[in-house]
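Q: Got a predicted structure plus its sequence, pasted below:
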Amino acid sequence: MRFFPLASLVLLCVAGLAGCHSRFVEVTIVNQGPVLHVMEFDYPSASFGANMLDPGAKYHYRFKIQGSGPLSLQYQDASGHTRTSEGPKVDLGEEGSLLVNIDARGAVTWAPTLTNRR
């Protein structure tokens, strides 16, 4: 007799969790140029970064979009000059992946694969 109420409760919890889905963006920043210093990635409502990104290195990060607005990447090049690249605009609820590539001359390309399931 005790098994059925407990089993029903567990089944209800599992069914509720099956419908839950957190929306995140998986970003990979690839440096194909010289060493980058003081790298900062800005997205709506927050930012992340690293003190240094070596040539050939990849930086992975996962974030949740909490608002709408543009993405941007800022870093210092080998000469100490600050460079900024504006990325695509993102909206609340978007999820997916984003590849940010920095080439040998420091040019930044953005390759988003984002969807919004709202």
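A: Yep, it's here.

Q: in the sheet, who's paired with Trp110?
A: Judged by DSSP bridges, the bridge partners of Trp110 are Val100.

Q: roughly how far out does stretch 26-43 sit from the chain middle?
A: 12 Å (CA atoms, centre = their mean, to the nearest Å).

Q: what about that stretch, average pLDDT?
A: Throughout stretch 26-43, pLDDT has a mean value of 96.

Q: and it, C-alpha only, in PDB?
A: Only the C-alpha atoms of stretch 26-43 are listed here, as PDB (Å, rounded to 0.1, in the frame of the first residue of the first chain):
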ATOM      1  CA  GLU A  26      28.200  27.600 -25.300                       C
ATOM      2  CA  VAL A  27      30.900  29.900 -26.500                       C
ATOM      3  CA  THR A  28      34.300  28.900 -27.900                       C
ATOM      4  CA  ILE A  29      36.900  31.600 -28.500                       C
ATOM      5  CA  VAL A  30      39.700  30.500 -30.800                       C
ATOM      6  CA  ASN A  31      42.900  32.500 -31.000                       C
ATOM      7  CA  GLN A  32      44.800  31.900 -34.300                       C
ATOM      8  CA  GLY A  33      46.900  35.000 -33.800                       C
ATOM      9  CA  PRO A  34      49.500  36.100 -31.300                       C
ATOM     10  CA  VAL A  35      49.100  36.100 -27.500                       C
ATOM     11  CA  LEU A  36      46.000  38.100 -26.300                       C
ATOM     12  CA  HIS A  37      46.000  39.900 -23.000                       C
ATOM     13  CA  VAL A  38      43.200  41.000 -20.800                       C
ATOM     14  CA  MET A  39      40.500  39.400 -22.900                       C
ATOM     15  CA  GLU A  40      36.900  40.400 -21.900                       C
ATOM     16  CA  PHE A  41      33.700  39.100 -23.500                       C
ATOM     17  CA  ASP A  42      30.600  41.100 -22.700                       C
ATOM     18  CA  TYR A  43      27.000  39.900 -23.100                       C
END
